[in-house]
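> Predicted structure and sequence below. I'll ask about it afterward.
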Amino acid sequence: MYKKTLLASLTTGLLLVASVQATEIKHGGTLTVPIINTGFVENYNPYTTGGLFGGVLYEPLMTFNLKTGGIDFRLAESVEYSDDLKTITVKLRENLKWSDGQPLTAKDVAYSFTMTKDAPAFDGKAMWTTGNLQSVIATDAQTIVFTLDHADSTFVWGLPGYHIVPEHIWGKVATKDLPTFKNLNPVGSGPLTDIKYLKPQQMQICRNDSYYLENRPYIDCMTFRSYNDNSQIQPALMKGEIDWGSNFIADIENTFVVADPENNHFWYPANDAIHLYVNTKVKPFDDLQVRKALSMALNRDEIVDIAAYGYPTANFNAGGIAELYGKFIDKNVTEKYKDITTYDPEKAQKLLDDAGYIDRDDDGFRDMPDGQPINFDINVVNGWTDWIQVVQMVSEYYEEIGIKANVKTVDWSIYDSGLKNSEYTMSINWSMVASNPIEAFQTYFLNSQVGKSWHAGHGVHSAEIDELIKSFGLTNDAQKQQQILNELQEFTAANLPFIPLFSNATWFQYSTAKFVGWPTEKDPYVQPSFYDAGNRNLIINNLHLK
């Protein structure tokens, strides 16, 4: 079933390469990109560095291209399902090498996947945790066979989420030490593997002379610069100190673009759905009426226009997905539950009154039926200025209906662990960007994702929903799959484990002063999201000096 699709995708990719090579390509140059963090440390483990090195130091097997609808093969040259959808065969390209010159073979790939069984913290897609993946075996130097317990047509979509690492290095690390392994002398397969220097505020990685694509990358190096928040990145962009921005920039037309209209550009296609995730295991959020009232209290259009300068798109669909997956949205669900996402503070207050959440001590804020005050924090990462503004507006809307909510800015590590371990009351968070919305629902609701996913800590789970999600992979029938998606949207809207806000924009600013080859609205060869390893890899390979 997949073979024809994959071969067609490969042909498309080759045509893209040919069109680029048909023009004169200038090699060299150092690309500069911003990273919001508290500084760089010596740690090159791709699983513990926030995705910084995926697609850079480490090449994915393949990339499922959301913009083209096809597959861009990278280390792999093909992937094929068996007729019963229980066996996946991946073929690698010939003569692959690691950056230290040693051969990269199917044994490395098999090791990279089996390692995540021994180090479950790395099993991000829960391939082993669910029990479906039975084995990963290298049958020859180029062939890897994945054997499943039961049919799953979605399994292949998770393959790019695992980093392919060299067994001759990682295999020497004790299993118990893998989660803390810092990989201080990294050997990779990506376009940029040579760590030239690392300082607290700056790091430079240069080209891999053993890279499998001839003459790629065209650039020599990439420099990561550390910034505390978006507001520091904006002036750096305006001064031409940054080539590739991937952050919210306030009033971009009148700041960044106007500084150099010929070279300063941006493209903001639709991206992930942004929600307020609610911990339904904590009172009063265990009450569906409270969750509904909190949703009705929000003026989504105003939040988008004021806090985010109108760049995102307000999301009035309570079914869990937004504009990115527009063709999959069940309009019947949107219509049925439209009152939940319609701004109606009076109705929100009535819901709370009727449920017994009233002001019992005349302090201007509502209390729970047992008299305890309602007072909670909304977590947001320190430095994410646009989301901080969103949460500030949310807290103001809640105050209007008598609910006390506080903006709590936290470091990434606290935000990360809080979402995974359900250590929050409310947290603004994104949703999965993938080839199909079923992957978003997998991360929302599968019990195997609890403790692993940023999206599953809300507490709304059931064995029945697990089975419904798993049934998606038992068929190739598009109509049956859409029906499953419709049922999942109904379940999401009826239970409201998170409050929809908007469909985020893909933040993408770029300068053509030094480099060209960027994806654009006219040439949308890939979703321009820097923090997706596959997308980043394709863009790095396409950029060259002007």
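Structure's in. What do you need? Numbers count the residues shown, from 1 in each chain.

> From Leu488, how far out is the closest residue to Val258 other than its chain neighbours?
Using CB to CB, 6 or more residues apart in numbering and skipping the chain neighbours, the partner closest in space to Val258 is Asn264 (8.0 Å). Placement of C-beta: from N, CA and C, glycine included. Distance, Asn264 to Leu488, by CB to CB, to the nearest Å: 41 Å.

> Mind checking which of these two has more residues around it?
Leu488 (26 against 22; other CB atoms under 10 Å).

> quick check, that one in a strand?
No - using DSSP: H, G, I helix; E, B strand; the rest coil, the secondary structure at Leu488 is helix, not a strand.

> pretty sure it is touching Leu468, no?
Yes - contact criterion CB atoms under 8 Å: Leu488 and Leu468 qualify, at 6.6 Å.

> what about the stretch 1-150 of the chain, any weak spots by pLDDT?
Within the stretch 1-150 of the chain, the stretches with pLDDT under 70 are 1-23.

> Give me the phi and psi for Asn379.
phi -80, psi 140 (degrees, to the nearest 10).

> Tell me the bridge partners for it.
Lys408, Ser427 (DSSP bridges).

> Skipping its backbone neighbours, what lies nearest Ala250 in space?
Using CB to CB, 6+ apart, the closest residue to Ala250 is Tyr309 (6.1 Å).

> show me the residues around Pro437 that make contact.
Pro437 sits next to Gly320, Ile321, Tyr325, Phe328, Leu485 when contact means CB atoms under 8 Å, 6 or more residues apart in numbering.

> who wins for neighbours among these?
Going by other CB under 10 Å, Gly320 tops these with 30 neighbours.

> check which helix or strand covers the residue lying closest to it once chain neighbours are set aside.
Computed as CB to CB, 6+ apart, the closest residue to Gly320 that is not its neighbour in sequence is Thr492, at 3.8 Å. In this structure, Thr492 is located in helix 478-495 according to DSSP states H and E.

> buried stuff in that helix?
Gln481, Ile484, Leu485, Asn486, Glu487, Leu488, Gln489, Glu490, Phe491, Thr492, Ala493, Asn495 (16 or more other CB atoms under 10 Å).

> thought the first one was touching Ile438?
Right, the one you point to is Gln481. Yes - the pair Gln481 / Ile438 is scored as a contact, 7.3 Å apart, by CB under 8 Å.

> what's the overlap in contacts for those two?
With CB under 8 Å, 6+ apart as the test, Gln481 and Ile438 both reach Phe472.

> any idea how far the residue nearest to Gly320 lies from Thr342?
17 Å.

> do Asn254 as well
Asn254 is 32 Å from Thr342, where distance means CB to CB.

> Kindly report the same for Thr409.
From Thr409 to Thr342 the distance is 30 Å (CB to CB).

> Looking at those two now, which is surrounded by more residues?
Ranked by neighbour count (other CB under 10 Å), Thr409 and Thr342 place Thr409 first, with 18 against 14.

> Contact partners for the more buried one?
Contacts of Thr409 by CB under 8 Å, 6+ apart are Val380, Val381, Asn382, Ile388.

> Name the SS class of Asp377, please.
strand.

> which non-adjacent residue is nearest it?
Nearest to Asp377 is Lys408, by CB to CB, 6+ apart, at 3.8 Å.

> Hmm, Val380 and the one you found touching each other?
Yes - between Lys408 and Val380 there is a contact at 7.1 Å, judged by CB under 8 Å.

> Those two: which is more packed in?
Val380 (25 against 19).

> right, and Gly310 touches Val304 too?
Yes - assessed by CB under 8 Å, Gly310 is found in contact with Val304 at 6.0 Å.

> what about the two, which has more around it?
Val304 (22 against 13).

> Does that one touch Pro312 like I think?
Yes - at 5.2 Å, Val304 counts as touching Pro312 under the criterion of CB under 8 Å.

> Overlap in contacts, the two.
With CB under 8 Å, 6+ apart, Val304 and Pro312 have common neighbours Phe502.

> Can you report how many residues lie near Ile252?
Number of residues near Ile252 (other CB under 10 Å) recorded here: 21.

> Revised request: answer the last question for Ser435.
15.

> I'd like the distance between the spatially closest residue to it that is not a sequence neighbour and Arg360.
In this structure, Ser435 finds its nearest non-sequential neighbour in Phe64, 4.4 Å apart by CB to CB, 6+ apart. From Phe64 across to Arg360, the span is 53 Å (CB to CB).

> Quick one: the strands in the stretch 301-450 of the chain, in order.
313-314, 375-381, 404-410, 426-429 (DSSP state E, counting those that start in this stretch).

> quick one, which of those is nearest to Gln142?
Gln142 lies closest, by CB to CB, to one member of the strands of the stretch 301-450 of the chain: strand 426-429, at 39.6 Å.

> can you tell me which residues contact the residue nearest to Gly320?
Per CB under 8 Å, 6+ apart, neighbours of Thr492: Ala318, Gly319, Gly320, Phe441, Tyr444.

> Could you identify the most distant pair in those?
Ala318 and Phe441 (14.0 Å).

> since we're on Gln389, how many residues are nearby?
Neighbour tally, Gln389, other CB under 10 Å: 19.

> which non-adjacent residue is nearest it?
Ala307 (3.9 Å).

> Next: Ala236.
Per CB to CB, 6+ apart, closest to Ala236 is Ile242, 5.0 Å.

> what's the burial count for that neighbour?
Neighbours around Ile242, by other CB under 10 Å: 25.

> Are we agreed that it is in a strand?
No - going by three-state DSSP, the assignment for Ile242 is coil, not a strand.

> In stretch 379-395, which residues are buried?
379-391, 393-395.

> and if you look at stretch 62-75?
For stretch 62-75, by 16+ other CB under 10 Å, it's Met62, Thr63, Phe64, Asn65, Leu66, Thr68, Gly70, Ile71, Asp72, Phe73, Arg74, Leu75.

> Show me which helix or strand of the chain is least confident by mean pLDDT.
Lowest on mean pLDDT, DSSP states H and E among the helices and strands of the chain sits helix 3-21, with a mean of 41.

> what are the pairing partners of the helix or strand just after that helix, and which direction each?
Once the chain leaves helix 3-21, the next helix or strand it forms, by DSSP H and E, is strand 30-36. Strand 30-36 pairs in its sheet with strand 221-227 (parallel), by DSSP bridges.

> and the strand it pairs with, how far from the chain's centre?
21 Å (CA atoms, centre = their mean, to the nearest Å).

> re the thing from before, tell me which of the strands of the stretch 301-450 of the chain approaches His27 most closely.
Of these, nearest to His27 by CB to CB is strand 375-381, at 37.2 Å.

> quick one: that closest one to strand 404-410, angle?
30 degrees (axes from the mean of the first three to the mean of the last three CA atoms, to 10 degrees).

> Mind giving me the packing neighbours of strand 375-381?
helix 385-400, strand 404-410, helix 412-420, strand 426-429 (3 or more CB pairs under 8 Å, 6 or more residues apart in numbering; DSSP states H and E).

> Let me have the ones you listed in a markdown table, extended by distance to Gln202.
Listed next are these as a markdown table, based on distance: least, CB to CB, whole Å:
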| stretch | distance to Gln202 |
| --- | --- |
| helix 385-400 | 22 |
| strand 404-410 | 25 |
| helix 412-420 | 19 |
| strand 426-429 | 29 |
